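**Student:** Curious how this folds, go ahead:
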Amino acid sequence: MKKIWLAAAGIALIAGVAFGADKHYFSNARPSTMQEIYNPGATSHPPAGPVKQARDNPGDPGGERVGSSGSSAPAAKPAAGNLSNKRYGWGIKRNNNHQTPEVPKGIASLLAKYDAYWIGDTHQKAVYLTFDEGYENGYTPKILDILKEQKVPAAFFITGHYLKSQPELVKRMVAEGHIVGNHTVNHPSLPDLSKEQIKKEVDQLAEEFFRLTGQKMVYLRPPKGEYSERTLAETREMGYYNIFWSLALVDWVPMPGGAEEAYQSVMNNLHNGAIILLHAVSKDNTEALERILKDMKAQGYTFKTLDDLVKKSG
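**Tutor:** Numbering: from 1, shown residues only. Coordinates of the predicted model:
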């Protein structure tokens, strides 16, 4: 009887989880039947530094823009120190047939209040290609070669480790017309930090980038996709636009289906105004990238920059 009771309890638990799954907003990370959906959070993002075996160590919004002002200075908002520091992990709910993904209305309103973006104009076949760069895995030069050949602009969000270890690649990104965004020095979850600590994490990287390239950073991707109303307000006060995403993969570990899965993951979930997040540590992404860009163009999509996104929305 005890065995029967335990078995029944296990079935009930599984059924309960399955029943509740549709009530949650997940990151856009189930690109195919070959990978599981993952919940946004600290363990759902690749590490900021190198790993020996990526699969063994997976530690590391225009039409529907969730923002209002296109100016470099934010509109008057409540003092950031008086705002909620409730932590949110970025997540979206995918739709079928290349329709716009969903975020909860309350989250969209919160992001809009602080000029954050997760998607562009959903009435135009324009997309925004972004890469996160925590460390170099040997694929960025090839990615840059493909982008140059295909005349596609992108944004690269770099950490302090990446800037220090790959200055020549960072300079090449700038020289070839790409945007380089701020992913903080040490890749911490921003709600865990004080205002002074956030400023140090963001400003130090921006200052070192300016010394290297003579350019300023204006776009921030919150590490691990984690944020709070306070961190949105404080980073906006610093002049940054927070950039989230509407299409992403679990790509910092090798995909079971390799480059073909990376290709299908992007193409099957493509939608108007997509802000696409890829990790440049992925061999699968790199091998699929040229085909992805060519076939997106063949379907009538154009590639815009984050500057285009801000100007159009403003």
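
**Student:** can we go C-alpha only for contacts and neighbour counts from here?
**Tutor:** OK.

**Student:** For the stretch 1-150 of the chain, give me the ranges with low pLDDT.
**Tutor:** Regions of the stretch 1-150 of the chain meeting the criterion pLDDT under 70 cover residues 1-79.

**Student:** make it 90
**Tutor:** 1-82, 91-97, 99 (pLDDT under 90).

**Student:** any idea where the strands of the chain begin and end?
**Tutor:** Using DSSP state E, the strands of the chain run over 88-89, 126-133, 155-158, 179-182, 219-220, 226-227, 241-242, 247-248, 275-279, 302-304.

**Student:** Can you give me the buried ones in stretch 171-181?
**Tutor:** For stretch 171-181, a neighbour-count test (16 or more other CA atoms under 10 Å) marks 171, 173, 174, 178, 179, 180, 181 as buried.

**Student:** Ok, stretch 116-132 next?
**Tutor:** Applying 16+ other CA under 10 Å to stretch 116-132 flags 116-122, 124-132 as buried.

**Student:** quick one on the thing from earlier: can I get the strands of the chain in JSON lines with distance to residue 234?
**Tutor:** Formatted as JSON lines, the strands of the chain follow (distance: least, CA to CA, whole Å):
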{"stretch": "strand 88-89", "distance to residue 234": "15"}
{"stretch": "strand 126-133", "distance to residue 234": "22"}
{"stretch": "strand 155-158", "distance to residue 234": "19"}
{"stretch": "strand 179-182", "distance to residue 234": "15"}
{"stretch": "strand 219-220", "distance to residue 234": "12"}
{"stretch": "strand 226-227", "distance to residue 234": "11"}
{"stretch": "strand 241-242", "distance to residue 234": "11"}
{"stretch": "strand 247-248", "distance to residue 234": "26"}
{"stretch": "strand 275-279", "distance to residue 234": "23"}
{"stretch": "strand 302-304", "distance to residue 234": "27"}
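
**Student:** Surely residue 147 is in contact with residue 140?
**Tutor:** No. In this structure residue 147 lies outside contact range of residue 140 using CA atoms under 8 Å: 10.4 Å.

**Student:** that older thread, which two of the buried residues of stretch 116-132 have the greatest separation?
**Tutor:** 124 and 132 (24.7 Å; CA to CA).

**Student:** Next, work out how far apart the nearest residue to residue 304 once chain neighbours are set aside and residue 185 are.
**Tutor:** Excluding the flanking residues, the one nearest residue 304 by CA to CA, 6 or more residues apart in numbering is residue 128, at 5.4 Å. Between residue 128 and residue 185 the distance is 24 Å, computed by CA to CA, to the nearest Å.

**Student:** beta partners of the residue nearest to residue 304?
**Tutor:** Beta-bridge pairing of residue 128 under DSSP bridges involves residue 275, residue 304.

**Student:** For it, which residues are in contact?
**Tutor:** 120, 154, 273, 274, 275, 276, 303, 304, 305, 306 (CA atoms under 8 Å, 6 or more residues apart in numbering).

**Student:** Compare those and tell me which has the most neighbours.
**Tutor:** residue 120 (31 neighbours; other CA atoms under 10 Å).

**Student:** Surely that one touches residue 101?
**Tutor:** No. Contact criterion CA under 8 Å: residue 120 and residue 101 do not qualify, at 11.7 Å.

**Student:** what's the closest non-adjacent residue to residue 259?
**Tutor:** Per CA to CA, 6+ apart, closest to residue 259 is residue 284, 4.2 Å.

**Student:** Settle this for me: that neighbour is touching residue 254, isn't it.
**Tutor:** Yes. Using CA under 8 Å, residue 284 is in contact with residue 254, at 6.9 Å.

**Student:** Compare neighbour counts for the two and give me the winner.
**Tutor:** residue 284 (23 against 18).

**Student:** what's the distance between that one and residue 264?
**Tutor:** Distance from residue 284 to residue 264, by CA to CA: 11 Å.

**Student:** of residue 147 and residue 140, who's got more company?
**Tutor:** Set residue 147 next to residue 140 and count neighbours by other CA under 10 Å: residue 140 wins out with 22 against 18.

**Student:** Contacts only, for residue 273.
**Tutor:** 62, 119, 120, 121, 122, 123, 124, 125, 126, 127, 128.

**Student:** count of residues packed around the residue nearest to residue 293 when sequence neighbours are not counted?
**Tutor:** Spatial nearest neighbour of residue 293, chain neighbours left out: residue 150 (7.4 Å); criterion: CA to CA, 6+ apart. Neighbourhood size, residue 150 [other CA under 10 Å]: 13.

**Student:** Kindly report the same for residue 149.
**Tutor:** With other CA under 10 Å as criterion, residue 149 counts 10.

**Student:** roughly how far apart are it and residue 193?
**Tutor:** According to CA to CA, residue 149 and residue 193 sit 41 Å apart.
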